[in-house]
Every structure is written in C-alpha cells, then in structure tokens.
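1. quick one: sequence and predicted model below, then my questions.
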Amino acid sequence: MTEIALKADSLSVSRGRVPVLSDITFDVSVGEVFALLGGNGAGKSTTLLTFLGFLPPRSGSVTVLNKPVTQNVEFVRQKSAYLPEAANLYPHLNARENIKYFLSLAKVPRSASDIEAALDEVSLATEARGRRLSSYSKGMRQKVAISLAILRQAPVLFLDEPTSGLDPVAIDEFNQLITKLSAAGTTVLMVTHDVYGACQIAGRVGLLKAGSLVGVFEAPEGGQISPEEVHRAFAEGA
Amino acid sequence: MDNIIRELRFSLRDPVVALTLLVGVLLSAFTVFSGLKEVDTERAQIERVKQMVDDDRTYALADQSDAGGAAYYAFHFTYAPPSDLAFAARGVRDDLPWKHRIRMLALEGQIYETDAGNPELSRIGKFDFAFFAAFLLPLLMILLLHDLKAAEVRNNRWAFLSATGGDGGRLLLSRAVLRAILLFACIITPFLAGVIVSTASLMSAVVVCAVIGLNLAFWLVLSLFTTSRIQSGPTAAALLLGAWFTLTVALPVGGKLMVEQSVPVPMGGEILLTQREAVNDAWDLPREATLKPFYERHPEWANAEPVSEGFDWYWYYAFQQVGDQTVESMSEALRDGVAERDKAMAMIALTSPPLLVDRVMSQLAMTDIAAFQSYDQCVRDFHAALRAFHYPMLFGGKEYSAEAMKELPTFRPCASNS
Ligand SMILES: Nc1ncnc2c1ncn2[C@@H]1O[C@H](COP(=O)(O)OP(=O)(O)O)[C@@H](O)[C@H]1O
Ligand SMILES: [Mg+2]
C-alpha cells in the first residue's frame, strides 16, 4: 500500500466572501507527481496556498505528511518547498545571493558547490549568476526560483506554474528534473496550464473548473496520460 | 546571530535602505559639525567682545573724576556662555538674546533692546541636531518602513517568504527593528563624536540617546501598526505623513496659538518704550516727583545728603531707577507669562515624541526658555550689584576714588555646565 503524502478532504475555501474551492477531494502519494490543470481563476493557486497554511479551509481539511495543516503550519512549511507563481526574488541581489538568502531563511545550509550544481541543473548561464536579478528575464528568474526549490531538498514540492516563462528546451529540462526528483521520493503537487507537460510527467492529472475538481486522469501502468483526452475534457467542461 | 548577519547584509544591499541611512548619517554629521562650529564661534565672540568692553571700560574710567561719570561710561559685557551640549540643540538661543552690553542706567530698556543678531543666519542655525533627530528622523523612519510589507506583497514574495521562513510576519518585524537600529546608529554616531569633542557630560548624552531612541520606537510602532492594517505602501505612507504633520507641525503651531491666546504677555518693546518715556519725562518733572518713589524703595538713603557736584548725578540715577520701577510689574508679568507659556508648551510636548525630544535636548543643552530666563535673572542680579556698588557714592556721601573703583563688580556668567 502506498503512503499518502498530501490529502485534501472535502475541501472548501473562500477568499474574502467569495467561495473559491468547493468540496475538493484528492490525495497524492509519496513520490508521486500530481498536476492540477485548470483555466485562469479556477482555484489552482488557492489550492497550493491552502496546503501551505495561508488560507484556512472553510470546511473539510488538508493534511501534509499525515498532519493537519491548520495546526502544523510551521511543520508543513519546513517540510515543503514552494515555488510561487511569477516568483520575484530580490532584484537587488544576484542569483547566488538570492539563493543563499532564502536558504538561510529556510535554515538549510548548502555549500557553494551545491548551489552551482543546482544552477547548472536549470542551465542558468554561469555568466549571469553574479548579476543582479533586476537584469534577468522572466525565464531566468524562474530558473533561479526552481534551483532554490531543488536545493531545499524538501520531501514535498508545491509548484505554481513552474514552466511559465521558460523556453521549450528549459521546459524539457525541467520535466526531466521533476521526474528524477519524484523517482527519488519527492512528492510533487504542481499547478499548470501546460496540458502536454503535465501529462508527460504526472502520475495523475486533476482537472479543476471553477473551484471544483471535475476529473482525475491516471497514467496507465508504465505509460502516460493521453493529453488529447485531458484536452478534450478541459475544453468540454467535463 | 546568523539571522542578524543575514538580515544586516540584506538590508545594507537594499539601495533604498542604504541611501536612507547615508542621508541620515550625513545630515547628522552636518548638524553636529555646524553646531560645534557655532559654539566655537560664540565662545570666540564672547572672548573678543568681553575683552573689548573691558578695555573700553578701563580706558573710560581713567578719565572719570566722580561716581556719576564712572557709572555712566563704564559698560559691562554680560553673556550666557554656550554649554558643552549647545552644539546639539540651539533651542531659543538664536531667537532670544544671550549677551548684552550693560551699564548702570535703567535696566529694562537695555534688556529689551534685543540684540537680534543676524536673523537670516539664525534661521539656518535652527537646523541643528535636535531638529534633525526630533523632526526629520521620523521621515526617514517612514521612508524605511512604509513599504516594507507592501513591496513583498506587490512583488508576489509575501507568501514565498512566509513559506520559506515559516513566519513572514516575524521576519518583517525583525527587518523593521533592524532598520530602526541601523538608523539609530547612523544618527547617534556623529552625535557621540560631538559629545567627545565638546567634552559634554556623558550623562546628558545617555539621556539624549534615550529620548531619540524613544522617538524612533514610537515611529517604529506607529509604522508597523499602520502597515499591518493598510495593504498599499503609498496609502500607508500618506497616513504616516499625516501623523507626522499633526505631531510636528499642527500640534505645536496650534498649541502655540492657543497658549498665546490664553496667556497674554506684555511685549518687550512696550516695556522698553514705557521705561524710556518715564526716564525722558523725568527731566521735566520737579525733582520731588522722582526722588519720592526712589527713597520709598531705598529708605536707607532717605536721610543722607546726596552728593551734588557738577551735574546732579544722584537725581539722574534716581530717575533711571524709577524708570525701571514704572515698568516693574509689566516686566514681571512678561517673565511670568513667558514661564507660564513655556509650562503649557511643555504639557503639549508630552503628547508628541518629536516635540519631547526637542524640549529635552534644549533643556539639557541649556538653550531653553528656562535657561534664557536664568540668564535674564543673572543680568538683573549683576545690575543690582552695580547699583549697590555705586549708590553709596551717589546717595550716601561715600568718597569716589580710583582705589574704590577697584572694587567695581565684574560680570560672571551664572550657572552653566560649561
Ligand atoms: N488575494 C485574493 N483575494 C480575494 N480573492 C482572490 C485573491 N486571489 C485570488 N482570488 C480569487 O480566487 C479565485 C481563484 O484564484 P486562483 O486560485 O489564483 O486561480 P488560479 O491560480 O487557478 O488562476 C479567483 O476568482 C480570484 O479572483
Ligand atoms: Mg494561479
């Protein structure tokens, strides 16, 4: 029996007075990649923020590594790395300084060579690493944020549209990286509108529409989810 | 410790923070430096003028053959020397006179014939360390803190920071406190250098640091409170500037108007004119009209035979004194009124940390109203001593001689920590 790492149980969340998520149930096993797909405003980011303890469930519950998030916010944040949507790290610091800063904040010491290795993995040009982020493109900033998430070596990754801004080559590299991490036991909950990328690396894909989980697609043994099928469901409104 | 070093490096790399701190340290150094120079200038000026007046007096006295002439031509330089801390807080020192040339004529006119100095310069002289630490410091603080959280939210970093560090609120609080401490250090360092150079008392320096720290803490708490409620940086800044304006401009200006309304005080100029008129009119009055009130004040001379050689000096000095007596109650009302207004302003200052800093500092620097009034009293006491010295020769038949003139009182500044 596989171990459950993340679990949303009849989860409903409101932002302000507006209900954003209603009655969502799904779980993610340890080492699994679960991709949440959905249009703009479907509630994808809200789901991640709820898992990280920023938004309280109106009803239902979320658990991370078997602990209810609401009572274990610090624990959850310590055990997970979060890649925010359109991550803006500090523009007045360079890539290395940003990474060092956030690693120190997370209290995970890493050596300079670890940091260079992580930046190599996302193929950030060596020449750029000492430049301030204010001179970076969106994709370059995203690469720094991704390498930071890797360096955390956290058991759980929450990724909010990690490939946005990346070029196709970088997207391929990113997908390989996630596959590798997942094989090594990292649990990944990622949010995306990239149907093809999601189907390529995810064990399961959940389709979110207007705050409801309208379908979950599972990869066949040893195979991949059919992007056409997901795409159709996405377009039809399932 | 690691956290502190991390945040310290982080803050110092931030251009806004670095620039604000630089401005802070430069302004502080400038005010301290110009304050020290101003004090030096005053001390040199005191030396020079005192020497000049003393020389003139010696020169003038050499020619005199009677007490009346000696009292008439002998000028004395009175002054309040700047305290060691005066470099940091000019207080009212640029607005109210702290030096006079006094002789034994009617005193009130001499006191209120204000030595206005150079009004243009005195306005620049107002930009002292106390002004900076009391009124401008909050602006730097607001600059450093108004956008602390808003910038993180605006740049999509707020959740990221909190997720990474576990508690974003605590992190931002530590950043705010650190910035306040850095700003404090930038402000205080030049001041402490000034204290060492001027050999001011360490105790007053500690008190100054404490009140400035209090001022900073007040604006820190107010900024944190405001930014915790207001999500937008510019809106928070506007609110904080509103608070700043209220506490540093509206409150003292409004308070001053109110206090001036409720505590009427005669004008110094009025006293000067009334006294001068009394003296001028005395020439045309029968001598009795002058001597009667004089002897009422000085019964000890009432039965003595005044010295009446050449010009009748005794009568002249009697009407000088009676001139003072005419405005005595006005002059007292002025002093009481000024003291009462000052007390009221002290109450108002209790409601505003910047005003409190300014007051405490000028109090310690002895440049406040109280110090000014004690200088005023010092001049009056000296003038009284001059009269006590000369009157026996004018009204009591004591003989005038160069020998006797060696006992002529000389002015010594009253209590000062200098
Ligand atoms: N800070 C917020 N306050 C109130 N409502 C919000 C906030 N952020 C997002 N929402 C609303 O919540 C809904 C879901 O947003 P989100 O989870 O960001 O969507 P997605 O990430 O799927 O594009 C949207 O209707 C959006 O308007
Ligand atoms: Mg989103």
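-> Structure's in. What do you need? Ligands and ions are numbered 1, 2, ... in the order given.

2. ramachandran angles for residue B:81?
-> Main-chain torsions, residue B:81, degrees, to the nearest 10: phi -70, psi 150.

3. that one and residue B:44: what is the separation?
-> Distance of residue B:81 to residue B:44, computed by C-beta to C-beta, to the nearest Å: 12 Å. From N, CA and C alone the C-beta is placed, and that goes for glycine too.

4. same check on residue B:389?
-> Per C-beta to C-beta, residue B:389 is found 30 Å from residue B:44.

5. of those two, who's got more company?
-> Taking neighbours as other C-beta atoms under 10 Å in any protein chain shown, residue B:389 and residue B:44 compare with residue B:389 leading, 17 against 10.

6. just the buried positions in the host helix or strand of that one, please.
-> For residue B:389, the element it lies in under DSSP states H and E is helix B:369-395. Within helix B:369-395, the residues scored as buried using 16 or more other C-beta atoms under 10 Å in any protein chain shown are B:369-372, B:375-376, B:378-380, B:382-383, B:386-387, B:389-395.

7. where does residue A:154 fall, helix, sheet strand or coil?
-> Under DSSP: H, G, I helix; E, B strand; the rest coil, the three-state class of residue A:154 is coil.

8. any regions of chain A where pLDDT drops low?
-> A:1, A:237-238 (pLDDT under 70).

9. let me see the mean pLDDT of stretch B:336-349.
-> Mean pLDDT, computed over stretch B:336-349, is 93.

10. what about it, distance to the chain center?
-> Mean-position distance between stretch B:336-349 and its chain equals 14 Å (C-alpha atoms, centre = their mean, to the nearest Å).

11. now the strands for the chain?
-> Using chain A here. Ranges of strands in chain A, per DSSP state E, are A:4-15, A:18-29, A:33-38, A:59-64, A:67-68, A:80-83, A:156-160, A:187-192, A:204-209, A:212-218.

12. hmm, no, I was thinking of chain B.
-> Secondary structure of chain B (DSSP E): strands at B:76-79, B:99-102.

13. make a markdown table out of those strands and add distance to ligand 2 and mean neighbour count.
-> Below are those laid out as a markdown table (distance: least, C-beta to the ion, whole Å; neighbours: other C-beta atoms under 10 Å in any protein chain shown):
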| stretch | distance to ligand 2 | mean neighbour count |
| --- | --- | --- |
| strand B:76-79 | 74 | 22 |
| strand B:99-102 | 73 | 20 |
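
14. dump those into TSV; add distance to residue B:7 and mean pLDDT as well.
-> Formatted as TSV, the strands of chain B follow (distance: least, C-beta to C-beta, whole Å; pLDDT from 0 to 100):
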stretch	distance to residue B:7	mean pLDDT
strand B:76-79	51	96
strand B:99-102	51	93
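
15. number of residues surrounding residue B:109?
-> The local packing of residue B:109 (other C-beta under 10 Å) involves 21 other residues.

16. measure residue A:167 to residue B:176 for me?
-> According to C-beta to C-beta, residue A:167 stands 40 Å off from residue B:176.

17. more neighbours, these two?
-> Using other C-beta under 10 Å as the criterion, residue A:167 and residue B:176 rank with residue B:176 on top: 20 against 11.

18. the more buried one touches residue B:223, doesn't it?
-> Yes. Using C-beta atoms under 8 Å, residue B:176 is in contact with residue B:223, at 7.2 Å.

19. which of the strands of chain B sits closest to ligand 1?
-> With C-beta to the nearest ligand atom as the measure, strand B:99-102 is the member of these nearest ligand 1 (65.8 Å).

20. elements contacting that closest one?
-> Counting by 3 or more C-beta pairs under 8 Å, 6 or more residues apart in numbering or on different chains; DSSP states H and E, the packing neighbours recorded for strand B:99-102 are helix B:15-62, strand B:76-79, helix B:107-112, helix B:369-395.

21. wait, which of the ones you listed is closest to residue B:150?
-> Nearest of the helices and strands packed on strand B:99-102 to residue B:150, taken as C-beta to C-beta: helix B:15-62 at 12.9 Å.

22. quick one: is that closest one near chain A?
-> Yes. On the criterion C-beta under 8 Å from any C-beta of the partner chain, helix B:15-62 is in touch with chain A at residue B:15.

23. tell me the mean pLDDT over stretch B:149-164?
-> 92.

24. is residue B:134 in contact with residue B:358, as I believe?
-> Yes. With contact defined as C-beta under 8 Å, residue B:134 reaches residue B:358; the gap is 4.2 Å.

25. follow-up on the earlier one: including distance to ligand 1 and mean neighbour count, could the strands of chain A go into TSV?
-> Shown next, in TSV, are the strands of chain A (distance: least, C-beta to the nearest ligand atom, whole Å; neighbours: other C-beta atoms under 10 Å in any protein chain shown):
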stretch	distance to ligand 1	mean neighbour count
strand A:4-15	3	19
strand A:18-29	4	17
strand A:33-38	5	26
strand A:59-64	14	19
strand A:67-68	21	14
strand A:80-83	13	25
strand A:156-160	7	24
strand A:187-192	6	25
strand A:204-209	7	22
strand A:212-218	12	16
